[in-house]
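> Got a predicted model here, sequence first, then my questions.
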Amino acid sequence: MGFPAFYQDGKSATGRQVYCQPEGDPQSGTIAISDTHGGRPFERWKQAELFIMASRKDTLRIGSTGDMPGARLVVEGREDVEQIRVQLPSLAHHRAADRLRQVRLIGLSMAAMMSVILAYLYGVPLLSGRVVEMISPQWEAQLGETVAEQVAEHFGAGAGGLELCDPNPESIANLAIAEFAQRALETIETPFDIRIAVVRSDVPNAFALPGGRIYFFEGLLREAVSGDEFAGVLAHEIGHVIHRHGMEQLVASAGTGLLVGFVLGDITGISVAGALGSMLIDSRFSREHELAADRFARDVAVRLGFDALALADLLDRVAEDDGFSRALALLSTHPLTDDRRHALEVDTDSPATSSAFTAKQWYAISQMCGGEDTPRGGD
Amino acid sequence: MLGIVLRGYLLTLITVGIYRFWLTTRKRRFYWSNTVIDGHPLEYTGRSIQLLVGFLLAVLIFIPIYGGLFYLTTANPLLAGPSYIGLFVLLYFLSGYAAFRGRRFRLTRTLWRGIRFGQSGSAWGYALRRFGWIVLMCLTLGLVYPLMLASLYRYRFSHTWFGDLRFGFTGRARTIAGPYFLVYFANAIALAIAAVVTTLHPWPRIDGDYVPSGPSLWALGIASVLLAVSIVWFRARERSAMFSCIEIGAAKLEVTLRARSLVGQYLVYGVLVSIISFGFILALGLTVTHAETGAFDALIESVALFGRGLGTLIAIAMAYLLVVAAYSLLWETIISFGYWKLVARNTIIANIDTLSTVRAQGGESPNIGEGLADALNVGAY
């Protein structure tokens, strides 16, 4: 038994019809290639060295690792191809082995990819903290100043930038705030100079910049009904500064972009999927930071003896968890309020013994943006 | 083709993106082995693992670049703008290098009649040339485009080999200067007319938003249709004229791409995209209306609350992937596949018999895949 085929020697672009005669068993046998049936073979291929080149349907292109890389035996036609597969069982064998190799390779790379992703998800929060430790606080403070300028440009209507509610640093309200910050930091070493500014803006929000600047928006102050609520937010933002969360996020998000580009094969990271992926991962770190800042606020509240849960009350009022935010919880930069309340809950049942501010101080703070009447609720 | 791509997308999804190198290889094998020249198909001998390793290396190159950029922007945020522009320029320059290197990767893994193709020349040289031309293009408002095309085509093809036989390229700028300037000035005039019409019929302001005026809308619409059609027409003319200037020893390529076939492909693609988009919007609309009657409340609730928002995320991701996959599937089967088929069907190689004396020369090069080209998304097919 044998079969006719078209032979290319891989040395020149000519080809010719040949006759192939399998000899011996698949492991040690050969194929004798001769010009005519029964002619003298001019070439012998070891059956164990054969491989199939992927080709069109009903076409078999066989090569040999022992010959020129371009040398081929070509057979066309469905029946002829079937026939040869029967005559050369080693082909199917090699094909199966190659498939297995490919599947293993894919599996291995996939496992590697998954471990990179997991290592990243769990490693970066740890690692970015380490990296941040190496960054000098002066540098961070300087960065914070530049960001502050940008923030002022972004929020400030016109050239005024962010307008302070009460520009007099010696006013009762500003002194009370500064005193609170000092008390909150009493037992804590920090290289940062915490500066808190209450600024005019209707947005109910507050945020901290790297290096110690904290902005508290008038909109949020209006929502606060007690000094403890206001103090809770301040303590939370101070927590961000102390833990250097801003820097950590900067470092982490640079890594995230790289990781997502790595997975999607789009290093420039401009695709929608890339943006979505980065957002998903970055927001996860952000939520962890929020909870860490909440725990810091709780500790401060316990130490100073004011009501830690007041912050959660304020959060409830400003950002109520509706079905929508629950559904999108994984994409949000902030945890659900329920989870934050949990973080704020004090384990020991030491009830609040006093308030963060005296009634007089809180009244001054609540009026510092030129408020309407008396604050709602009182102290 | 459809089967390969569909299966490939699914596996790519399952394997966190790893399978895409195997998908590329499969697609190429399909294209190559179905391109039959003088009774012999092309053969693609590249392996997926080479692409995978190449990509990993490209990532290694990018990490220091991104690290440096990150350091620069945090050290001085004022530098952020300039350094991103610098990065863009660098990436553009690198994409020329990557494209040429990727071309070498593909050519040296392409066999016909058992003889390997090859590419000489330097990828850096090509990148520099391309970059210089682009600078000139910007300075001359695109007037040097025919010169640039001829120069780059010549560089590419005079460094292309089939075995020990070198390709030649006889094209000059004037080969395509006519069609190019026709398209260039026709569009410039159309744009000028649209601008004049818009000035004569200024856009009224309704509710603080500018609303296009009737005549202006017509003029802009006609100008955009002209732009789209003329670009495709020019592509067809350019490819026909330039490919027909390719010689392989005594053999010569003759390519006649009909502009209307190419326009037809884009039209079919456009119509199908519209149908699919309409279908998606309809499906979304129906779902929302039904949901408002409360029909799926239980389902939505269970999805939304599954795994603390994980359900929603999976739903969003699935919907996104479905839409993206549908569009890119259309693109691959109609535009990419259609174009290849069009070129293959409309190419005649004169004196092809003279190629039978060619001797094999050179091996696979570079050993490792088109990493950079893949990463920068300039790898064709």
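Looks like it arrived, so ask away. Residues are numbered from 1 along each chain as shown, chains lettered A, B, ... in the order given.

> so B:G338 touches B:Y266, yeah?
No. With contacts counted by C-beta atoms under 8 Å, B:G338 stays clear of B:Y266, the gap being 9.2 Å. Heads up, the C-betas are built off the backbone N, CA and C, glycines and all.

> ranges for the helices of the stretch 251-379 of chain A?
A:272-304, A:310-318, A:323-327, A:337-344, A:359-367 (DSSP state H, counting those that start in this stretch).

> Now do the longest one against helix A:310-318, angle only.
Our comparison of helix A:272-304 with helix A:310-318, counting by axes from the mean of the first three to the mean of the last three C-alpha atoms, to 10 degrees, yields an angle of 140 degrees.

> now swap in the last one and tell me
Here helix A:359-367 points in a direction 30 degrees away from that of helix A:310-318 (the same axes, to 10 degrees).

> For helix A:359-367, buried residues please.
By 16 or more other C-beta atoms under 10 Å in any protein chain shown, the buried positions in helix A:359-367 come out as A:Q361, A:W362, A:Y363, A:A364, A:I365, A:S366, A:Q367.

> Is it possible to get CSV of these that adds pLDDT?
Converted to CSV, the buried residues of helix A:359-367 look like this (pLDDT from 0 to 100):
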residue, pLDDT
A:Q361, 86
A:W362, 87
A:Y363, 87
A:A364, 86
A:I365, 85
A:S366, 84
A:Q367, 84
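
> Rebuild those as a markdown table, extending it with distance to chain B.
Formatted as a markdown table, the buried residues of helix A:359-367 follow (distance: C-beta to the nearest C-beta, whole Å):
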| residue | distance to chain B |
| --- | --- |
| A:Q361 | 37 |
| A:W362 | 36 |
| A:Y363 | 40 |
| A:A364 | 36 |
| A:I365 | 32 |
| A:S366 | 35 |
| A:Q367 | 36 |
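
> Just checking, which helix or strand of chain A averages the lowest pLDDT?
Least confident helix or strand of chain A, by mean pLDDT, DSSP states H and E, is helix A:323-327 with a mean of 59.

> picking up where we left off before, identify whichever of the helices of the stretch 251-379 of chain A lies nearest to A:D202.
Comparison of the helices of the stretch 251-379 of chain A against A:D202 by C-beta to C-beta identifies helix A:310-318 as nearest, at 12.5 Å.

> which other helices and strands contact that closest one?
helix A:218-223, helix A:227-242, helix A:272-304, helix A:337-344 (3 or more C-beta pairs under 8 Å, 6 or more residues apart in numbering or on different chains; DSSP states H and E).

> quick one, which of the ones you listed is packed in tightest?
Highest mean neighbour count of the helices and strands packed on helix A:310-318: helix A:227-242, a mean of 26 (counted as mean count of other C-beta atoms under 10 Å in any protein chain shown).

> pLDDT of it, averaged?
Confidence over helix A:227-242 (mean pLDDT, whole number) is 87.

> Now do that helix: distance to the chain's middle.
On the basis of C-alpha atoms, centre = their mean, to the nearest Å, helix A:227-242 is displaced by 27 Å from the centre of the chain it belongs to.

> Can you tell me which residue is spatially central in chain A?
The residue lying closest to the centre of chain A (C-alpha atoms, centre = their mean) is A:I281, at 2.7 Å.

> Was I right to think that residue contacts A:G255?
No. In this structure, A:I281 is not within contact of A:G255 by C-beta under 8 Å, at 9.0 Å.

> Spell out which residues are contacts of both of these two.
Taking C-beta atoms under 8 Å, 6 or more residues apart in numbering or on different chains as the criterion, A:I281 and A:G255 both touch A:Y120.

> thinking again about what came up before, may I have the residues that are in contact with the residue nearest to the centre of chain A?
Taking C-beta under 8 Å, 6+ apart, one finds A:Y120, A:L121, A:T256, A:L259, A:V260 in contact with A:I281.

> possible to save these as JSON lines with distance to chain B and pLDDT?
Formatted as JSON lines, those follow (distance: C-beta to the nearest C-beta, whole Å; pLDDT from 0 to 100):
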{"residue": "A:Y120", "distance to chain B": "12", "pLDDT": "74"}
{"residue": "A:L121", "distance to chain B": "13", "pLDDT": "73"}
{"residue": "A:T256", "distance to chain B": "11", "pLDDT": "73"}
{"residue": "A:L259", "distance to chain B": "10", "pLDDT": "71"}
{"residue": "A:V260", "distance to chain B": "10", "pLDDT": "69"}
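
> And the furthest pair within those residues?
A:L121 and A:V260, at 11.9 Å, using C-beta to C-beta across the contacts of A:I281.

> Comparing those two, which residue is more hemmed in?
Neighbours per residue (other C-beta atoms under 10 Å in any protein chain shown) separate A:L121 from A:V260, with A:V260 holding more: 25 against 14.
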